[in-house]
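Asker: just the structure for this:
(one chain, ligands or ions: 1)
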Amino acid sequence: MSHSYPDQSSRSAALSRRARAVFPGGSTRGQTYYRPYPIYARSGEGCRVTDVDGVERIDFLNNYTVQLFGHCHPEIVAALQRQAALGTCFTLATEAEIELAELICGRAKSFEQVRFANTGSEAVMNAIKGARAYSGRPKIAKCEGVYHGSYDYAEVSLDPDPQNWGTDVPASVGHSRGAPKGMTDDIVMLPFNDVAGSRAQLERHADALAGVLLDPVPSRCGGYPASPAYLAMLRDFTRQNGSLLILDEVVTWRLHYGGAQTLYGVESDMTTLGKIIDGGLPIGVIAGTAEAMAVFDSSAGKAACPHSGTFTANPMSMAAGIAATRMLTQEAIDRLNGLGERARDKLRATFARAGVAGQVTGEGSLILMHLSEQPLGDYRSTYRAHTEAAAARLESLFRHLLNHGIVLSTWGMACLSTPMGEAEIDHLADAVYASLKEMETDNASAETS
Ligand SMILES: Cc1ncc(COP(=O)(O)O)c(C=O)c1O
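Answerer: Predicted coordinates for the structure are as follows:
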């Protein structure tokens with residue numbers, strides 16, 4: 001069925017009007033809302049999602065990188081059905097939690113033990129608290145502009161601007177209004193991939209530093225990986241300083257069987273995982289060396305860092321996680337990474353053919369489109385390149401793509417899933433070309449009217 005977007009007579013538009021009464025801003029999840037109304041999903045199968053109006057699109061967003069195996073993978077559905085019939089959660093431990101932990105341990109060099117949580121944000125929160133407990137110090141360093149979920153410490157300086165981001169040294173800016181100053185004081189801001197600038201910041205706060213939190217390929221810094229020199233500096237500094245190197249691999253886990261840390265050859269003390277590890281159910285994982293993870297040990301009394309949670313290691317998440325982790329082989333990842341290369345090449349060629357100034361970045365099966373040719377490499381350059389006009393063009397591209405059978409993010413991010421093949425990548429490139437041409441026509445008619 002074809003239903004062009006936007007269409008105020010559609011079922012999605014009607015649901016959005018209904019949602020406005022019960023949700024502030026008409027939505028319970030910022031990422032699924034866009035103007036004039038968000039599309040509502042009815043079902044998904046493989047790499048396709050069908051909305052409540054019956055329109056089918058190829059899903060290049062996959063619940064923000066979660067659905068690496070697409071929707072309703074038969075092995076994940078079967079695992080969930082088996083577990084649902086046995087019970088969805090207990091106040092008893094289960095064998096499934098040990099099995100999933102065993103599958104995760106050993107996938108990267110430092111993964112000796114794990115603790116489960118329910119989301120990536122919760123995993124990051126516990127890793128931060130764990131690093132403080134390990135070192136007895138309060139401060140965490142993170143890179144400016146990088147997203148690590150919704151723990152308020154992790155949100156510091158998520159979207160600073162030239163008015164507040166500081167001049168000589170990067171400032172720490174609270175994300176929500178009313179963020180306590182004590183909190184921002186305890187988060188040290190690092191300029192991504194700037195070895196000297198970051199080292200100077202770390203030295204300034206060395207005595208109080210508990211750990212460094214790093215996403216190895218932060219999308220908000222342009223989609224490039226941390227350089228070998230940057231990773232080596234962070235590893236050496238934290239080791240000598242007695243603080244922890246925490247890698248946030250909630251997204252980058254998809255790049256290699258042992259995550260980005262194995263691909264780039266850096267050993268972490270703790271790692272946070274989530275999203276794809278669970279085949280579509282909620283999860284968070286804190287994995288690390290036995291020495292670092294000992295902070296969570298409560299077998300002999302109160303742990304240095306107490307950790308629990310009603311839904312932690314719930315058997316539904318464990319069952320999906322076991323099925324998904326077994327399927328996440330290096331072979332599956334290599335195939336996806338190859339498709340990612342093809343997608344980036346095709347999209348670059350598409351921009352050139354359409355005569356549009358843009359660039360395509362990303363690693364493995366993660367793809368980022370930018371409608372700007374300004375250099376990217378850290379948060380500040382990415383902020384400057386993504387002017388209001390460039391961001392509006394990307395959002396317009398997103399809307400046009402909806403009418404060409406494609407879903408990706410409003411800011412140009414796409415990711416791949418295993419049910420995809422070359423045909424889906426070619427469809428994406430053709431749809432981007434057609435959308436860019438339509439946008440040109442829209443502009444020309446706006447100028448003449
Ligand atoms: C790098 C990174 N860390 C942590 C999170 C938070 O995960 P969740 O949304 O499951 O809380 C995200 C979510 O997008 C993320 O991209």
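
Asker: when you work out contacts or count neighbours from here on, use the C-alpha atoms and nothing else.
Answerer: Fine.

Asker: so what's the residue count around the residue of the stretch 201-350 of the chain found nearest the ligand?
Answerer: At 4.9 Å from the ligand, V250 is the closest residue in the stretch 201-350 of the chain, using CA to the nearest ligand atom. Neighbour count of V250, defined by other CA atoms under 10 Å: 27.

Asker: who's in contact with it?
Answerer: G120, T272, L273, G274, K275, I276 (CA atoms under 8 Å, 6 or more residues apart in numbering).

Asker: do the same with H3
Answerer: So, once contact is read as CA under 8 Å, 6+ apart, H3 ends up touching S10, D53, V55, N403.

Asker: ok, now A108?
Answerer: Applying CA under 8 Å, 6+ apart, the residues contacting A108 are G258, G259, Q261, T262.

Asker: got the residues of the protein near the ligand?
Answerer: Contact residues, the chain versus the ligand (CA under 6 Å from any ligand atom): T119, G120, S121, Y147, H148, G149, D215, D248, V250, V251, G274, K275.

Asker: thinking again about what came up before, just the ones in strands from the contacts of V250, please.
Answerer: T272, L273, G274 (DSSP state E).

Asker: what is the burial count for P191?
Answerer: Applying other CA under 10 Å, we find 21 residues neighbouring P191.

Asker: so can I have a markdown table of the contacts of H3 showing pLDDT and distance to E102?
Answerer: Shown next, in a markdown table, are the contacts of H3 (pLDDT from 0 to 100; distance: CA to CA, whole Å):
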| residue | pLDDT | distance to E102 |
| --- | --- | --- |
| S10 | 97 | 47 |
| D53 | 98 | 43 |
| V55 | 98 | 41 |
| N403 | 98 | 44 |
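
Asker: buried only: go through the residues you listed for me.
Answerer: Among those, the ones that count as buried by 16 or more other CA atoms under 10 Å are D53, V55, N403.

Asker: from these, which is closest to N193?
Answerer: N403 (38.2 Å; CA to CA).

Asker: which non-adjacent residue is nearest the closest one?
Answerer: Nearest residue to N403, sequence neighbours excluded (CA to CA, 6 or more residues apart in numbering): S4, at 5.8 Å.

Asker: roughly how far apart are that neighbour and the ligand?
Answerer: 29 Å (CA to the nearest ligand atom, to the nearest Å).

Asker: tell me the secondary structure at that residue.
Answerer: State at S4, reduced to three classes by DSSP: H, G, I helix; E, B strand; the rest coil: coil.

Asker: what mean pLDDT does the helix ranked longest in the chain get?
Answerer: Counting residues, the longest helix in the chain under DSSP state H turns out to be helix 422-448. Throughout helix 422-448, pLDDT has a mean value of 93.

Asker: which strands and helices lie in contact with that helix?
Answerer: helix 330-354, helix 388-402 (3 or more CA pairs under 8 Å, 6 or more residues apart in numbering; DSSP states H and E).

Asker: for this protein, which segments count as strands?
Answerer: Assigned by DSSP E, the chain shows strands spanning 41-45, 48-51, 56-59, 113-117, 139-143, 187-190, 209-214, 244-248, 270-274, 284-288, 359-361, 366-370, 406-407, 413-415.

Asker: how far away is A127 from H148?
Answerer: Computed as CA to CA, to the nearest Å, the A127 to H148 distance reads 11 Å.

Asker: wait, A313 touches A117, no?
Answerer: Yes: using CA atoms under 8 Å, A313 is in contact with A117, at 6.8 Å.

Asker: returning to what we had before: now the longest helix of the chain: how far from the chain's centre is it?
Answerer: For helix 422-448, the distance from its own C-alpha centre to the chain's C-alpha centre is 27 Å (CA atoms, centre = their mean, to the nearest Å).

Asker: check which residues of it are buried.
Answerer: Buried residues in helix 422-448 (16+ other CA under 10 Å): E424, I425, L428, A429, D430, A431, V432, Y433, A434, S435, L436, M439.

Asker: for those, which one is nearest Q374?
Answerer: Closest to Q374, out of all of the buried residues of helix 422-448 and judged by CA to CA, is L436, at 19.0 Å.

Asker: show me what contacts the closest one?
Answerer: Shown in contact with L436 (CA under 8 Å, 6+ apart): A354, V356, L397.

Asker: same check, this time on L394
Answerer: Per CA under 8 Å, 6+ apart, neighbours of L394: H370, L371, T410, W411, G412.

Asker: angles on the backbone of the last one, please.
Answerer: Geometry field for G412 lists phi and psi as phi 90, psi 10, criterion degrees, to the nearest 10.

Asker: distance of it from P36?
Answerer: 18 Å.

Asker: among the contacts of L436, which ones are buried?
Answerer: Neighbour-count burial (16+ other CA under 10 Å) is assigned, among the contacts of L436, to A354, V356, L397.

Asker: go through those and name the one nearest the ligand.
Answerer: Nearest to the ligand among these: L397, at 21.8 Å, using CA to the nearest ligand atom.

Asker: isn't that closest one right up against Y433?
Answerer: No: with contacts counted by CA under 8 Å, L397 stays clear of Y433, the gap being 9.9 Å.

Asker: any idea of the pLDDT on M1?
Answerer: Looking at M1, the pLDDT reads 56.

Asker: sorry, wrong one. I was asking about A414.
Answerer: At A414, pLDDT is 98.

Asker: residues near it, how many?
Answerer: Neighbours of A414 (other CA under 10 Å): 24.

Asker: how much space separates it from D334?
Answerer: 17 Å.

Asker: ditto for A392
Answerer: Per CA to CA, A392 is found 34 Å from D334.

Asker: what of G358?
Answerer: 27 Å.

Asker: also Y151?
Answerer: Counting by CA to CA, the gap from Y151 to D334 is 33 Å.

Asker: for L273, give the beta-bridge partners.
Answerer: V285 (DSSP bridges).

Asker: isn't it right next to A123, touching?
Answerer: Yes: using CA under 8 Å, L273 is in contact with A123, at 7.1 Å.

Asker: any shared contact partners between these two?
Answerer: G284, V285, I286.

Asker: how many residues are close by the last one?
Answerer: Just to be clear, that refers to I286. 27.

Asker: and it, what does it touch?
Answerer: V114, R115, F116, A117, A123, V124, N126, A127, M270, T271, T272, L273 are the contacts of I286 under CA under 8 Å, 6+ apart.

Asker: one more pass at 6 Å, please.
Answerer: V114, R115, A123, T271, T272 (CA atoms under 6 Å, 6 or more residues apart in numbering).

Asker: do P306 as well
Answerer: F296.

Asker: how near is it to V295?
Answerer: For P306, the distance to V295 - CA to CA - is 8 Å.

Asker: also A343?
Answerer: 43 Å.

Asker: the more surrounded of the two?
Answerer: For the pair A343 and V295, the greater number of neighbours falls to A343 (25 against 21), based on other CA under 10 Å.
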